[in-house]
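> Generate coordinates for the sequence data below:
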Amino acid sequence: MELDELMPWSVRPLRTGRSWVSGPDPAALRARWERLAAAEGPEQERLFRPSRSRTPHTPVAALPGRSTTGAGAAAGTGRFAREPGACPDPVRILHGPFDEQWLLPDHRLIDAARPELWRVGDERQLFAVEHGYVPQAAAGPALSVTHLLPDGHSPAGRPGRIRPLYRRPGATDPNLAPGLLDVVRTRLGPRETDPESVLAWILAAALPAPSGCRIPLPADAEVWAAGVELGRELVRLQLRGA
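Prediction:
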């Protein structure tokens, strides 16, 4: 089956539009922010690195759970050039399968921050990130999983789509095809058939393909249990034991 058939909701990867908003050192991000906030006019424009989506004068709604300060914020929007406000605390993100970095979580600085991901992200959320398909490349995992906000960076060179396991905070409303859990229980019995087990199987069994990840579903309960066990170990390793 296609991954789209199992986890139908997917989100395009983040597009920052400027590389300086993320990096391995949160102190460096704060220093960049302070320099940008202190600059004025053409110098601020130069440091900001404007794009079609964002300039220092673009009014932008705050990300879910975040605030945008300054004049104009009464309507839920703010302009960086008018009043930058205080530097937001950098947040950890996943930049590629095993590269944790930091990001300045200000919607005014990010071309496409994907607010829907911020809205559902919490300590119980898991994001599956597709790695993309490269013809004739050496075999490798088709997916990775993280509890951090992923930016979708892919070793294939093309950003991969992001699939939250849950559609709502608090591990509610699984992002699984309607009736999928019932089908799995009917075919394989009640053992290991919760949403996390399905994600574990997907992680262990996913195969890269030109049309997207393909996921075989077994008819044998022992095969399913072994795959789920392997997938859970992969999840543990990729979450650094968290």
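> okay, and the helix or strand of the chain with the least pLDDT?
None of the helices or strands of the chain scores lower by mean pLDDT, DSSP states H and E than strand 77-78, at a mean of 76.
> what does the domain assignment say about the protein?
What the record gives for the chain is the domain set 3-14+114-239, 22-109, from the TED database.
> so residue 93 sits in a helix?
No - applying DSSP: H, G, I helix; E, B strand; the rest coil, one finds residue 93 to be strand, outside a helix.
> count of neighbours near it?
When neighbours are defined as other Cβ atoms under 10 Å, residue 93 has 20 of them. C-beta here means a position set from N, CA and C on the backbone, and glycine is covered the same way.
> how about it, what does it touch?
By Cβ atoms under 8 Å, 6 or more residues apart in numbering, the contact set of residue 93 is 22, 100, 101, 102, 103, 148, 149, 150, 151.
> hmm, which two among those are most spread apart?
The distance between the two most remote of the contacts of residue 93 (Cβ to Cβ) is 13.5 Å, for 102 and 150.
> neighbour count winner among these two?
Using other Cβ under 10 Å, the more surrounded residue of residue 102 and residue 150 is residue 150, with 27 against 21.
> how about that one, what does it touch?
With the criterion set at Cβ under 8 Å, 6+ apart, residue 150 makes contact with 13, 14, 93, 94, 127, 129, 162.
> Including pLDDT and secondary structure, could the residues you listed go into CSV?
Shown next, in CSV, are the contacts of residue 150 (pLDDT from 0 to 100; DSSP: H, G, I helix; E, B strand; the rest coil):
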residue, pLDDT, secondary structure
13, 91, coil
14, 93, coil
93, 95, strand
94, 92, strand
127, 97, strand
129, 93, strand
162, 95, strand
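> filter the residues you listed to the buried ones?
13, 14, 93, 94, 127, 129, 162 (16 or more other Cβ atoms under 10 Å).
> related to what we said a few turns ago, list just the nearest of the contacts of residue 150 to residue 40.
Distances from residue 40 to those, taken by Cβ to Cβ, are shortest for residue 14, at 28.7 Å.
> what's the closest non-adjacent residue to that closest one?
residue 151 (4.3 Å; Cβ to Cβ, 6 or more residues apart in numbering).
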